[in-house]
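Enquirer: what would the 3D arrangement of this be:
(2 chains)
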Amino acid sequence: MKNTIKQVFHSPKFVVGFVIIMAILLLTIIYPIFNPGDPLQSLFKGSDRGSFTPPGTYVSLYDAVTSFRANLDNNSDAYAARASVEISDDDWVLMVNWFTGMDIDISGLDRTDTDAVLKLWKENYSDSAKPKGMTKSARNSAKRLNESLSSLGSEPTLSVTSADESKKVKDINATDYVPVNRVASVVRLPLGTDTFGRDVLKELVSAIGTSLMIGLVAGVIATFIGLMLGLLSGYIGGFVDDLIMFVTNIFTVIPSFILLILINYSIGQEARGAMVVAVVIGLTSWTWTTRSVRSQVISLRNRDHVNLSKLSGHSLFRIIMTDILPYIMSYVVMAFILQISSAILSEAQLSLLGLGPSTTKTATLGLMMNWAMLYSAHLAGSWWAYFPVIGVIALISFSLNLMNTGLDQVFNPTLRD
Amino acid sequence: MAIDTKTLRRDYSKAPSCLKGVGVTRYFTTGKITTKAVDHVDFDFHEGELVSIVGESGSGKTTLSKMLLGLLKETDGKIYFQGKERDISSRAKKKEYWSGIQAIFQDPFSSFNTFNKIDTVLLDCINMRGGRNLSKEKKFEMMTEACSFVNLKFAELTNKYPFELSGGQMQRLMIARIFLLKPKILLADEPTSMIDACSRATILDMLLQLRDEIGMTVIFITHDIGLAYYISDSIYIMEHGKFVESGSADDVILNPKAPYTKRLISDVPKIHEAWDLSTVG
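Expert: Just a heads-up that it's a prediction; the model follows:
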């Protein structure tokens, strides 16, 4: 036993897979310690819901106004930075259209050189000009753009007053800076928020935990049923074998995914918690384990050591436990790992169809995908709501399959390179 | 160590019957094809006798031996154990039967459970003989005695796994197991076929010694008619699931009647003589 484990950990493939899955597992354990709280808590209230907030660091505006200020007189930098944010891609296209329509040479113009761009714009723009190839609406857009740009360089001082304008709180100049670490409230959202305003990273970590749990529960159930039926069917043979194989074949012929959909649909929306889905997945995916365990047992049951065990008067249970099971254990462990991987994928598929765990209290990897899809994250370009989820599913599946390949090479010497 | 049992050969035909079979049959059916592995064979083994069942590969020897051991159900026919019809319908009765009949298998490498230590194999035997409640020292003493009978040192074997032993050592351990069990009948299914010629003599010598020591009946299954002649009191020749000839070893070998027996005898290679291959079909 000890020797086998040592051998397994000498397989580079297994070790890589094992390290990845352990890292993921550690993340789900350690992250909530540093970032406690309900992962499905919305960060926003009321009217701000319903938009995917992009990843970034969010500074409380209120705190920024009231916190310590420094006047850094690098005016041109601040101005250029603000202007470069102000000139969007659409604005740039509009400007280029204007310049070309007016036959102005812009070959030497660099977009990032905001000063030069604005200078050229101010020199050439006039409301009455009619550049070639520009419609009236385009000219109107150019007019609006000009207004917004003209306010850029003027550096007005903003005044913050209380709501009834009775008390002036602060004047803010264009050159005022606030140190981020002196702002009382800063929210860091490395993966932004989803449409409900929930921190995607926090939600993702909790979803990984739930999905691994679903995989584990489904894997244990499927492997246990498959192993028991396979052992009985293979060892006892005869009528028991026929009966078990009849049932197994029926389950094999009907695609288990269809069974999953039908069962999950009939369970109903209320009763479908994460664990119920895990049990259902486990109950529908044991067939291949049964078939392969059975065939292994059949080849084992006529071996001399089993006959010798019989002659020594051992009971059926003891023979199965000591003379059959240890010989197929490596195989069962491999099947178990694959069951976990496929259960996690099944859950994701089901949830995408809206037949996964129907709960608003826990997140799973599949549910996160489902939410992202329902609120059109893929159309809005809100990649942070679903790309990390896809990545994690792929990584879990990859690492488990890698472990399986590593084990296969250890236990089947013919597969070694 | 020379084996010369010819002088020891005795006539057991008057001894009481130990294992008797009438019309014992075993068919294997796969789909529409029925293979007659053992086809209505009659036999009568006497107490203390060393019987050889000789036949080529696929003649049904191993199937017959499995039926004799009760590991395989016979399709037809009756087997009598010590004069009474054999009853192995329940596990308790099977256990009872197996305390009277034991086996040594052909391949020592697959006869042991590789996950169990050697001690487990021997302790099982002591437990089966009702020694479950003996003291640890007593059990150790019994195992040491059994191992020393087959020239093995138990102190060196304890806590080892079977795969750490050589083939000859494993087969000797099998004999040590029989030494502990002391059955009335030993069924040896080609016990020397997987072992080199030097170890073979040792193993056979030990088997014969053991037979004298506990006075058991030995059913020796082999494809080697020369070997069978050297050690047996009586011989059964098996061809395609049937006994074609049987009788005392001298009768069968020196005065063969069935053509199959003649062929088997002529197929044995002899030193200092040209090998007669004319009978090979």
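Enquirer: residue boundaries of the strands in the chain?
Expert: Just going to use chain A. Assigned by DSSP state E, chain A shows strands spanning A:56-59, A:70-71, A:158-161, A:168-172, A:176-177, A:186-189.
Enquirer: looking at chain B here, not the other one
Expert: In chain B, the segments counted as strands under DSSP E are B:17-30, B:33-46, B:50-54, B:76-81, B:84-85, B:101-104, B:185-189, B:217-222, B:234-239, B:242-248.
Enquirer: distance from the chain centre to the last one, please.
Expert: What it means is strand B:242-248. Distance of strand B:242-248 from the chain centroid (Cα atoms, centre = their mean, to the nearest Å) equals 17 Å.
Enquirer: and the strands of chain B: which comes nearest chain A?
Expert: Closest to chain A of the strands of chain B, according to Cβ to the nearest Cβ: strand B:101-104, at 6.0 Å. Any C-beta I mention is one placed from the backbone N, CA and C, and that applies to glycine too.
Enquirer: what packs against the closest one?
Expert: Contacts defined by 3 or more Cβ pairs under 8 Å, 6 or more residues apart in numbering or on different chains; DSSP states H and E place strand B:101-104 against helix A:304-311, helix B:61-69, helix B:167-181, strand B:185-189.
Enquirer: other SSEs contacting the longest one?
Expert: Packed against helix B:167-181, as judged by 3+ Cβ pairs under 8 Å, 6+ apart, are the following elements: strand B:101-104, helix B:108-111, helix B:118-128, helix B:136-149, helix B:197-214.
Enquirer: from chain A, how far out is residue B:274?
Expert: 38 Å (Cβ to the nearest Cβ, to the nearest Å).
Enquirer: most tightly packed of the helices and strands packed on helix B:167-181?
Expert: Ranked by mean neighbour count under mean count of other Cβ atoms under 10 Å in any protein chain shown, the helices and strands packed on helix B:167-181 are led by strand B:101-104, which reaches a mean of 25.
Enquirer: any idea which residue of the stretch 101-250 of chain A lies closest to chain B?
Expert: Closest point on the stretch 101-250 of chain A to chain B, by Cβ to the nearest Cβ, is residue A:238, at 10.5 Å.
Enquirer: get me the contact residues on chain B for chain A.
Expert: Counting by Cβ under 8 Å from any Cβ of the partner chain, chain B comes close to chain A at B:66, B:69, B:71, B:91, B:94-95, B:98-99, B:102-103, B:105-107, B:110-116, B:124-125, B:128.
Enquirer: how about the strands of chain A in CSV, adding distance to chain B?
Expert: Output for the strands of chain A, formatted as CSV (distance: least, Cβ to the nearest Cβ, whole Å):
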stretch, distance to chain B
strand A:56-59, 58
strand A:70-71, 74
strand A:158-161, 78
strand A:168-172, 78
strand A:176-177, 72
strand A:186-189, 54
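Enquirer: which of those strands comes out lowest on mean pLDDT?
Expert: Among those, strand A:70-71 carries the lowest mean pLDDT, a mean of 74.
Enquirer: nearest to the spatial middle of chain B, which residue is it?
Expert: Nearest to the mean C-alpha position of chain B, by Cα atoms, centre = their mean, lies residue B:188 at 1.4 Å.
Enquirer: which residues does that one bridge with?
Expert: Listed by DSSP bridges, the beta-bridge partners for residue B:188 are residue B:104, residue B:220.
Enquirer: if we can go back for a sec, okay, the strands of chain B in a markdown table with mean pLDDT and distance to residue A:242 next?
Expert: Below are these laid out as a markdown table (pLDDT from 0 to 100; distance: least, Cβ to Cβ, whole Å):
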| stretch | mean pLDDT | distance to residue A:242 |
| --- | --- | --- |
| strand B:17-30 | 87 | 14 |
| strand B:33-46 | 88 | 19 |
| strand B:50-54 | 90 | 34 |
| strand B:76-81 | 89 | 23 |
| strand B:84-85 | 86 | 30 |
| strand B:101-104 | 90 | 30 |
| strand B:185-189 | 90 | 30 |
| strand B:217-222 | 90 | 33 |
| strand B:234-239 | 90 | 33 |
| strand B:242-248 | 88 | 32 |
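Enquirer: of those, flag the one that's most buried.
Expert: Mean neighbour counts for those (mean count of other Cβ under 10 Å) peak at strand B:50-54, with a mean of 27.
Enquirer: only alpha carbons, please: show that one as CSV.
Expert: Taking only C-alpha atoms (Å, rounded to 0.1, in the frame of the first residue of the first chain), the coordinates of strand B:50-54 have been written out as CSV:
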residue,chain,number,x,y,z
LEU,B,50,-1.7,-42.3,-4.6
VAL,B,51,-3.8,-42.0,-7.8
SER,B,52,-2.6,-40.2,-10.9
ILE,B,53,-5.0,-38.8,-13.5
VAL,B,54,-3.0,-38.4,-16.7
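Enquirer: that one: how far from the chain's middle?
Expert: On the basis of Cα atoms, centre = their mean, strand B:50-54 sits 8 Å off its chain's mean C-alpha point.
Enquirer: next up, the contacts around residue B:211.
Expert: By Cβ atoms under 8 Å, 6 or more residues apart in numbering or on different chains, the residues touching residue B:211 are B:50, B:186, B:218.
Enquirer: for it, give its distance to residue B:152.
Expert: 19 Å (Cβ to Cβ, to the nearest Å).
Enquirer: what is the neighbour count of residue A:149?
Expert: 19 (other Cβ atoms under 10 Å in any protein chain shown).
Enquirer: and it, what's its pLDDT?
Expert: As predicted, residue A:149 sits at a pLDDT of 74.
Enquirer: how deep is the residue nearest to residue A:332 when sequence neighbours are not counted tucked in, by neighbour count?
Expert: The shortest distance from residue A:332 to any non-neighbouring residue, by Cβ to Cβ, 6 or more residues apart in numbering or on different chains, is to residue A:227 (5.8 Å). Using other Cβ under 10 Å, residue A:227 has 22 neighbouring residues.
Enquirer: got the contact list for residue A:227?
Expert: Contacts of residue A:227 (Cβ under 8 Å, 6+ apart): A:289, A:293, A:332.
Enquirer: low-scoring stretches of the chain, by residue?
Expert: Since you didn't name a chain, this refers to chain A. Counting by pLDDT under 70, chain A shows low-confidence ranges at A:46-50, A:73-86, A:151-156, A:413, A:415-417.
Enquirer: nope, chain B
Expert: Low-confidence segments of chain B (pLDDT under 70): B:1-8, B:275-281.
Enquirer: can I see the domain layout of chain A?
Expert: Listed domain ranges for chain A are A:2-40+A:196-415, A:56-71+A:156-189, A:75-150 (source: automatic domain parsing).
Enquirer: pick the most buried one from those domains.
Expert: The stretch of the domains of chain A with the highest mean neighbour count (mean count of other Cβ under 10 Å) is domain A:2-40+A:196-415, at a mean of 18.
Enquirer: list the residues that contact residue B:151.
Expert: Going by Cβ under 8 Å, 6+ apart, residue B:151 touches B:172, B:202, B:206.
Enquirer: how does it look with 7 Å?
Expert: Residues in contact with residue B:151 (Cβ atoms under 7 Å, 6 or more residues apart in numbering or on different chains) are residue B:172.
Enquirer: tell me the backbone dihedrals of it, please.
Expert: Taking degrees, to the nearest 10, you get phi 60, psi 40 for the backbone angles of residue B:151.
Enquirer: rewinding a little: with distance to residue A:246 added, can I get the helices and strands packed on strand B:101-104 in CSV?
Expert: What follows is those, written out as CSV (distance: least, Cβ to Cβ, whole Å):
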stretch, distance to residue A:246
helix A:304-311, 26
helix B:61-69, 28
helix B:167-181, 40
strand B:185-189, 36
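Enquirer: relative to residue A:149, which of those is closest?
Expert: Residue A:149 lies closest, by Cβ to Cβ, to one member of the helices and strands packed on strand B:101-104: helix A:304-311, at 88.0 Å.
Enquirer: the closest one vs helix B:118-128, what angle?
Expert: 30 degrees (axes from the mean of the first three to the mean of the last three Cα atoms, to 10 degrees).
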